[in-house]
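Student: Predicted structure and sequence below. I'll ask about it afterward.
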Amino acid sequence: MASSLDKLKALTSRLEEKLEQKEKVLVDISPKEEFLSIEKEVITISKPKPLKKNVVMRSEEVREENIKRVQTLYKKLKIFEKSPNFDTIFMYKAMNLSGIGLKEDDFGEVREGKYIQIIAITYEPDKNGKKKAKNISLGYFGKAETLNNTLRNEIIEFVLRWRYEKAFQNVEHYKELIKRVDMPKETLF
């Protein structure tokens, strides 16, 4: 029994010595010196890039990441059951939620007693040829009271990221139109 106690004491003293050594090393480096060395590294590592090129690359990267996340949510929320081809979901004119607020004053609030759905909106001609809005349910998620927070957040994220991609597509459309205007021609068409 004495040998076990001696071993424990020896182990404890070695641990205390190692802790003291670590504390000495930390005390020897002052915070100011550490900050200066880090600051020097940052200055030498980071080189400024042309702003215009950097901004273009950044928006492309953001768009690429956004579309990946939309695809993930498309599968996870089983939107493919109602719209089997992923690319066709961007042919809809708009997308909204039923049962969850997306306005500034009620953002993310689930409306009690309502059913949660992702609604896609298209414009189709009626029998007289007049365009009318048509709502298509892309996902039904049950009553508001049964919706868990994770699913609610994913539903909101899907709609917002879809809208974000749609905005990118609209920007591309306007870029093409502006190119047509910038060309020196007698007429645009």
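Tutor: Ah, there it is. Numbering: from 1, shown residues only.

Student: biggest strand in this structure by residues?
Tutor: strand 131-143 (DSSP state E).

Student: Now do the buried residues in the helix or strand that contains residue 165.
Tutor: Using DSSP states H and E, residue 165 maps to helix 149-182. By 16 or more other Cβ atoms under 10 Å, the buried positions in helix 149-182 come out as 152, 154-156, 158-159, 161-162, 165-166, 168. (C-beta placed from N, C-alpha, C; glycine too.)

Student: Select from these the entry with the lowest predicted confidence.
Tutor: Among these, residue 168 has the lowest pLDDT, at 87.

Student: Can you give me the neighbour number for the closest residue to it other than its chain neighbours?
Tutor: In this structure, residue 168 finds its nearest non-sequential neighbour in residue 63, 5.1 Å apart by Cβ to Cβ, 6 or more residues apart in numbering. By the criterion of other Cβ atoms under 10 Å, residue 63 has 17 neighbours.

Student: Distance-wise, check residue 63 relative to residue 161.
Tutor: 11 Å (Cβ to Cβ, to the nearest Å).

Student: So residue 125 sits against residue 132, correct?
Tutor: Yes: with contact defined as Cβ atoms under 8 Å, residue 125 and residue 132 form a contacting pair (7.5 Å).

Student: of all the buried residues of helix 149-182, which comes closest to residue 120?
Tutor: residue 162 (8.9 Å; Cβ to Cβ).

Student: What distance do you get for the closest one to residue 106?
Tutor: 20 Å.

Student: likewise residue 177?
Tutor: 36 Å.

Student: next one: residue 87
Tutor: 32 Å.

Student: Settle it for me: which of these two has more neighbours?
Tutor: Comparing residue 87 with residue 106 by other Cβ under 10 Å, the one with more neighbours is residue 106, at 11 against 7.

Student: Report pLDDT for the more buried one.
Tutor: Looking at residue 106, the pLDDT reads 87.

Student: ok, now residue 126?
Tutor: 83.

Student: Verify the stated contact: it with residue 132.
Tutor: Yes: assessed by Cβ under 8 Å, residue 126 is found in contact with residue 132 at 5.0 Å.

Student: Excluding chain neighbours, what is closest to residue 100?
Tutor: Nearest to residue 100 is residue 110, by Cβ to Cβ, 6+ apart, at 5.6 Å.

Student: Wait, that neighbour touches residue 149, no?
Tutor: No: in terms of Cβ under 8 Å, residue 110 does not count as a neighbour of residue 149; the distance is 9.3 Å.

Student: what residues does the host helix or strand of residue 117 touch?
Tutor: Assigned by DSSP H and E, residue 117 falls within strand 115-125. Residues from elsewhere that reach strand 115-125 (Cβ atoms under 8 Å, 6 or more residues apart in numbering): 77, 79, 83, 89, 91-100, 110, 131-144, 147, 152, 155, 158-159.
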